[in-house]
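A predicted structure for the sequence below; I have some questions about it.
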Amino acid sequence: MQIFRKYKIPLITLLIFTLIGLILWFFRDIKYFILFISIGLLDSSTRIIIEKYPKLRQISRRLLQLFLAGLLFGWLGLYIGVNFQFPEIFFDFSAGIITGALIQLLVSRIVLPFFLGNAFCSRACWNGAFFELINSKTSCKKKPKKRSNFIAWGYLIFLIIFSFSVAFFWNPAGNLELRRYWIIGENLFIISCGLILTSIWGSRAYCRMLCPFLTISSIIAPYSIFKITPVKADDCISCNLCNLACPMLIDVMTYVHNKERVNNRTCILCERCVSACPENVLRIADKIPNLNNSRVIIKR
Ligand code: SF4
Ligand code: SF4
Ligand code: SF4
């Protein structure tokens, strides 16, 4: 029981990926099972390493992110031609195909957010991996702009109309060469957009302000079982380091002072705030522990 409590997140993650893999095997193909069980094993192994060696938290997560981003974008995207971009959902839908983008939407934006919020963004997104590499070099000098639901939802609606219009006149869904060009073109657009917006609006501006995938999973993220949790809020020394570390510009310290879990729609569970905290106040958990009755030693 103790071991289950300690490794609850990796075990639950592995179980979820196994179930998703089995369902997709049943409805589609065994290759989906192999893909999802592999991702589940990698993700849960990383979480076990982090549990045992907390100092390796960020390096382990970044290695996982680079590997999964390379697998999804490099191998599945560019080599095999599976397109995971948002407009592809509508291209495939118009062509009557159920493939990469739609499955990605269901798994990473509708199923997983009930357990781990927007964690896909900090562990598997190839654009996110790039933004993480360049973020500190593109920070804006002005006060960062806060997320606007009007802009985020407006962009999502624009993308849906745009994608259906493209699909109507020139649908690349059934043509491997066209798909590849689309994948390269759209990712170059996202990266350029991200670089420009980050220098104007601040950290991870494309992710915070525009990304349609985050807009969708942000509806479910507040109901996520696991969230960033102040497990020792009374130890907080108000140093503000968690806020400075957060790429999504979330006011983590206020959540800690209010003894609340970080119930923010845009939290990507990157755990940078956890790593930055000198007092080990934060961690990913399913509830705030009752420290009076708890004998569990919390490690950072
Ligand atoms: S917000 Fe969008 S671009 Fe940013 S990491 Fe998440 S899925 Fe990727
Ligand atoms: S609150 Fe923490 S886990 Fe969430 S995005 Fe900010 S730094 Fe990452
Ligand atoms: S980094 Fe830790 S101690 Fe500092 S303000 Fe945040 S929660 Fe409090």
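Good, I have the coordinates. Numbering: from 1, shown residues only. Ligands and ions are numbered 1, 2, ... in the order given.

what does the stretch 201-300 of the chain put close to ligand 3?
Residues of the stretch 201-300 of the chain lying near ligand 3 by CB under 6 Å from any ligand atom: 236-242, 252-253, 256, 276-277, 279, 281-282. Where C-beta positions appear, they are placed from N, C-alpha and C, glycine not excepted.

so which of those residues is surrounded by the most neighbours?
Neighbour counts for these, by other CB atoms under 10 Å, peak at V252, which reaches 29 neighbours.

tell me how far the closest residue to it other than its chain neighbours lies from R204.
Closest residue to V252 apart from its sequence neighbours, by CB to CB, 6 or more residues apart in numbering: C242 at 4.0 Å. Going from C242 to R204 by CB to CB, to the nearest Å gives 16 Å.

same question, G185
In this structure, G185 lies at 22 Å from R204, with CB to CB as the measure.

neighbour count: those two, which is higher?
Neighbours per residue (other CB under 10 Å) separate G185 from R204, with R204 holding more: 27 against 11.

once you drop chain neighbours, what's closest to that one?
Taking CB to CB, 6+ apart, and ignoring the residues beside it in sequence, R204 has P247 as its nearest neighbour in space, at 4.7 Å.

what residues are up against A101?
Listed by CB atoms under 8 Å, 6 or more residues apart in numbering, the contact set of A101 reads 83-86, 88-89, 91-92.

possible to save those as JSON lines with neighbour count and secondary structure?
Converted to JSON lines, these look like this (neighbours: other CB atoms under 10 Å; DSSP: H, G, I helix; E, B strand; the rest coil):
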{"residue": "N83", "neighbour count": "26", "secondary structure": "coil"}
{"residue": "F84", "neighbour count": "24", "secondary structure": "coil"}
{"residue": "Q85", "neighbour count": "24", "secondary structure": "coil"}
{"residue": "F86", "neighbour count": "23", "secondary structure": "helix"}
{"residue": "E88", "neighbour count": "26", "secondary structure": "helix"}
{"residue": "I89", "neighbour count": "24", "secondary structure": "helix"}
{"residue": "F91", "neighbour count": "25", "secondary structure": "helix"}
{"residue": "D92", "neighbour count": "21", "secondary structure": "helix"}
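
ligand 1 next: which of these are close?
Restricting the contacts of A101 to contacts with ligand 1 (CB under 6 Å from any ligand atom) yields no residues.

could you look up the SS state of K142?
Assigned state for K142: coil (three-state reduction, DSSP: H, G, I helix; E, B strand; the rest coil).

okay, now the unreliable bits of the stretch 151-300 of the chain?
Within the stretch 151-300 of the chain, the set of residues satisfying pLDDT under 70 comprises 291-300.

so where do the strands sit in it?
Assigned by DSSP state E, counting those that start in this stretch, the stretch 151-300 of the chain shows strands spanning 227-230, 282-285.

run me through the strand neighbours of the last one, direction for each.
Read that as strand 282-285. Its sheet considered, strand 282-285 pairs with strand 227-230 (antiparallel) by DSSP bridges.

what residues does the partner strand touch?
Residues contacting strand 227-230 (CB under 8 Å, 6+ apart): 117, 236, 252, 255-256, 259-263, 267, 269, 271, 273-274, 281-288.

the residue of the stretch 51-200 of the chain found nearest ligand 2 - how many residues pack around it?
Closest contact between the stretch 51-200 of the chain and ligand 2, by CB to the nearest ligand atom, is at S122 (6.7 Å). Here the neighbour count serves as a burial measure; for S122 (other CB under 10 Å) it reads 25.

ok, it - contacts?
With contacts defined as CB under 8 Å, 6+ apart, S122 is in contact with 61, 65, 128, 268-271.

buried sites along the longest helix that the chain contains?
Of all segments of type helix in the chain, defined using DSSP state H, the longest is helix 176-201. For helix 176-201, the neighbour count (16 or more other CB atoms under 10 Å) marks 178-180, 182-183, 186-187, 190-191, 193-195, 197-198, 201 as buried.

which one of those residues sits closest to ligand 1?
For the buried residues of helix 176-201, the nearest to ligand 1 is I190 (6.4 Å; CB to the nearest ligand atom).
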